[in-house]
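Asks: I would like to see how this sequence folds:
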Amino acid sequence: MENKQPSILDLLIEAHVGLERQGPGSAETTCKALGFLGDLAQISHAADLGCGSGPQTLELARHVPGSIVGLDMFPDFIDVLNENAGKQGLGGRVKGIVGSMDDLPFDGESLDLIWSEGAIDNIGFEEGIAHWRGFLKKGGYLAVTCPSWLTAEHPEVIERFWSDAGSGLDSVEHNVAALQACGYRFVASFALPEYCWTDEYFAPREAALQGLLKKYPDSETVEAFVAENRHEVKLYSEYKRHYGYVFYIGQKR
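Replies: Sure thing, here's the model as predicted:
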């Protein structure tokens with residue numbers, strides 16, 4: 001009997017569920033962003049949207065005394081978050097739930113902090129910050145990372161890659177202006193350093209991709225999936241000065 005070929009979505013989950021991170025980031029940059037939020041003791045209710053398996057969710061919980069809900073559309077990632085929260089003794093304050101970033105299950109103006117690393121571009125930066133603002137208390141903070149242009153030169157090959165992936169790149173200046181126009185006080189922004197891509201994400205993902213090739217030999221779907229992921233690495237290596245993930249931090253006015 002012929003083995004059933006995995007779908008791209010199956011491969012996306014399988015390649016990432018065993019990784020600590022599902023995108024560029026680090027504990028250090030999470031903590032750096034937290035450093036702009038003032039008195040963390042005032043944060044009673046927080047949400048981490050598009051949390052994946054939640055390494056940053058758990059990092060937040062080590063610094064923020066309140067409760068944190070991690071939300072992601074993939075149950076496999078939420079299972080990992082809840083398991084790790086229990087193992088680290090954070091299960092009483094951290095809860096992972098399955099849900100959509102554009103249909104949040106929270107009451108209006110109920111959150112002190114909305115966090116999101118590597119996910120807001122899935123629904124659009126401006127759309128996300130506008131929708132999420134209604135769930136923040138006045139004075140509450142928003143902290144998100146979004147892929148952005150870092151130079152005035154915008155290579156077409158990078159523009160096309162991100163567009164094909166369902167995401168567009170805007171400049172840091174554009175996104176800061178959008179944040180302010182949407183009713184936030186701009187607090188800070190900074191680009192994630194290169195190691196957040198190479199060491200924290202690309203290297204462990206490559207090991208997972210090699211595992212997929214061994215598990216599904218002679219699968220054209222797997223070979224194409226692996227090739228596309230490796231193409232992303234090659235593009236970043238060649239064009240990294242032009243773009244990257246940028247942390248944007250704002251406070252609801």
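Asks: what sits against residue 15?
Replies: Contacts here follow CB atoms under 8 Å, 6 or more residues apart in numbering; on that basis residue 15 touches 205, 208-209, 212, 225, 229. Glycine gets a C-beta too; all of them are placed from N, C-alpha and C.
Asks: I would like the residues contacting the lengthiest helix in the chain, please.
Replies: Longest helix in the chain, counting residues (DSSP state H): helix 220-239. For helix 220-239, the external contacting residues (CB under 8 Å, 6+ apart) are 5-8, 11-12, 15, 155, 157-158, 161, 197-198, 202, 205-206, 209, 212-213, 216.
Asks: tell me which of those fall in helices.
Replies: Filtering the contacts of helix 220-239 for helices - DSSP H - leaves 8, 11-12, 15, 157-158, 161, 197, 205-206, 209, 212-213.
Asks: so which of the contacts of residue 15 is the most crowded?
Replies: Each of the contacts of residue 15 was scored for neighbours by other CB atoms under 10 Å, and residue 225 scores highest at 23 neighbours.
Asks: I'd say residue 22 and residue 77 touch.
Replies: Yes. In terms of CB atoms under 8 Å, residue 22 counts as a neighbour of residue 77; the distance is 7.1 Å.
Asks: what about residue 220, how many neighbours?
Replies: Residue 220: 9 surrounding residues under other CB under 10 Å.
Asks: that one and residue 6, how far apart?
Replies: From residue 220 across to residue 6, the span is 11 Å (CB to CB, to the nearest Å).
Asks: still on that earlier bit, would you turn the ones in helices among the contacts of helix 220-239 into JSON lines with distance to residue 178 and pLDDT?
Replies: Shown next, in JSON lines, are the ones in helices among the contacts of helix 220-239 (distance: CB to CB, whole Å; pLDDT from 0 to 100):
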{"residue": "8", "distance to residue 178": "31", "pLDDT": "91"}
{"residue": "11", "distance to residue 178": "33", "pLDDT": "96"}
{"residue": "12", "distance to residue 178": "28", "pLDDT": "95"}
{"residue": "15", "distance to residue 178": "32", "pLDDT": "96"}
{"residue": "157", "distance to residue 178": "25", "pLDDT": "97"}
{"residue": "158", "distance to residue 178": "20", "pLDDT": "97"}
{"residue": "161", "distance to residue 178": "22", "pLDDT": "96"}
{"residue": "197", "distance to residue 178": "24", "pLDDT": "98"}
{"residue": "205", "distance to residue 178": "30", "pLDDT": "98"}
{"residue": "206", "distance to residue 178": "34", "pLDDT": "98"}
{"residue": "209", "distance to residue 178": "35", "pLDDT": "98"}
{"residue": "212", "distance to residue 178": "37", "pLDDT": "97"}
{"residue": "213", "distance to residue 178": "41", "pLDDT": "97"}
